[in-house]
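J.: structure for this input, please:
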Amino acid sequence: MRPPRPEMSEPNPPPVLAPREPSSEVKLSGRLWAASFLLGGIALVIAFLERTTHVEFLRETANGLNSGLEPAELDVVIGLAFWSTLGALGVVLLLEVALVRPLLKGRGWVRWALLVALVLQVGAAFLATAFLAGPDSSFQPVPLLVIGQAVLACAALVACLLPGATRWFRSGQMTSERRPA
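T.: The predicted structure is shown next:
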């Protein structure tokens with residue numbers, strides 16, 4: 001009969017680090033970002049579904065400018081303006097979606113990357129209000145949704161810059177610095 005082997009581990013298990021609960025400001029920021037993403041997604045879908053209306057508006061506007069372009073060249077310019085605007089809105093939306101998850105996990109540096117993304121979003125919103133508006137002064141959902149998306153994103157960024165959120169981000173940095181590698 002063999003002698004019993006000595007235990008290779010401590011009788012006490014290692015401490016389990018509980019995930020940190022975000023501060024109320026960070027939670028608010030996350031909800032505002034989510035609402036912003038929802039508005040942006042709805043704006044993209046509506047713009048895509050109403051693309052013939054937007055392209056006709058761009059065609060009327062270009063014809064009013066007497067640019068001297070051939071009809072085929074004009075169609076290329078109109079298509080480029082429309083699809084570039086949709087693409088800019090989509091890329092900014094995807095960039096922000098990718099950045100918000102690390103933000104909610106306590107990565108404070110993401111706030112500054114989101115500030116850059118927000119500047120890009122405001123630029124895309126200006127493009128959308130210029131190129132995705134309709135010919136009449138009736139209800140225009142796409143420009144309003146894009147502007148609403150930018151306003152919500154601004155509010156979300158402000159919420160994650162509030163003192164309570166900053167304290168939460170800093171407390172996460174201090175605990176991660178103390179953790180053994």
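J.: now Glu96: closest residue in space that isn't a chain neighbour?
T.: The shortest distance from Glu96 to any non-neighbouring residue, by C-beta to C-beta, 6 or more residues apart in numbering, is to Ala117 (5.1 Å). Where you see a C-beta, it was placed from the backbone N, CA and C, and this is true even at glycine.
J.: separation between the spatially most central residue of the chain and Leu49?
T.: Nearest to the mean C-alpha position of the chain, counting by C-alpha atoms, centre = their mean, stands Glu96 at 2.7 Å. Distance from Glu96 to Leu49, counting by C-beta to C-beta, to the nearest Å: 23 Å.
J.: do Ala155 as well
T.: Distance, Ala155 to Leu49, by C-beta to C-beta: 28 Å.
J.: so between these two, which is more surrounded?
T.: More neighbours surround Ala155 than the other of Ala155 and Leu49, with 15 against 9 (other C-beta atoms under 10 Å).
J.: now tell me which helix or strand of this structure has the poorest mean pLDDT.
T.: helix 163-178 (a mean of 74; mean pLDDT, DSSP states H and E).
J.: so which strand or helix has Glu25?
T.: helix 24-49 (DSSP states H and E).
J.: tell me the buried residues in that helix?
T.: 25-26, 28-30, 32-33, 35-37, 39-44, 47 (16 or more other C-beta atoms under 10 Å).
J.: the helix ranked longest in the chain vs helix 24-49, what angle?
T.: Taking DSSP state H as the criterion, the chain has its longest helix at helix 71-104. In terms of direction (axes from the mean of the first three to the mean of the last three C-alpha atoms, to 10 degrees), helix 71-104 departs from helix 24-49 by 160 degrees.
J.: any weak-confidence spans in the protein?
T.: Within the chain, the segments meeting pLDDT under 70 span 1, 4-10, 13-18, 67, 134-138, 173-181.
J.: quick one on the thing from earlier: I'd say the residue nearest to the centre of the chain and Ala34 touch.
T.: No - in this structure, Glu96 is not within contact of Ala34 by C-beta atoms under 8 Å, at 10.6 Å.
J.: pull out the buried residues from stretch 65-79.
T.: By neighbour count on 16+ other C-beta under 10 Å, the buried set for stretch 65-79 is 74, 78.
J.: what does stretch 93-107 give?
T.: Buried positions in stretch 93-107, judged by neighbour count with 16+ other C-beta under 10 Å: 93, 95-97, 99-100, 103, 106-107.
J.: separation between Phe131 and Trp83?
T.: Note on Phe131: its distance to Trp83, by C-beta to C-beta, is 10 Å.
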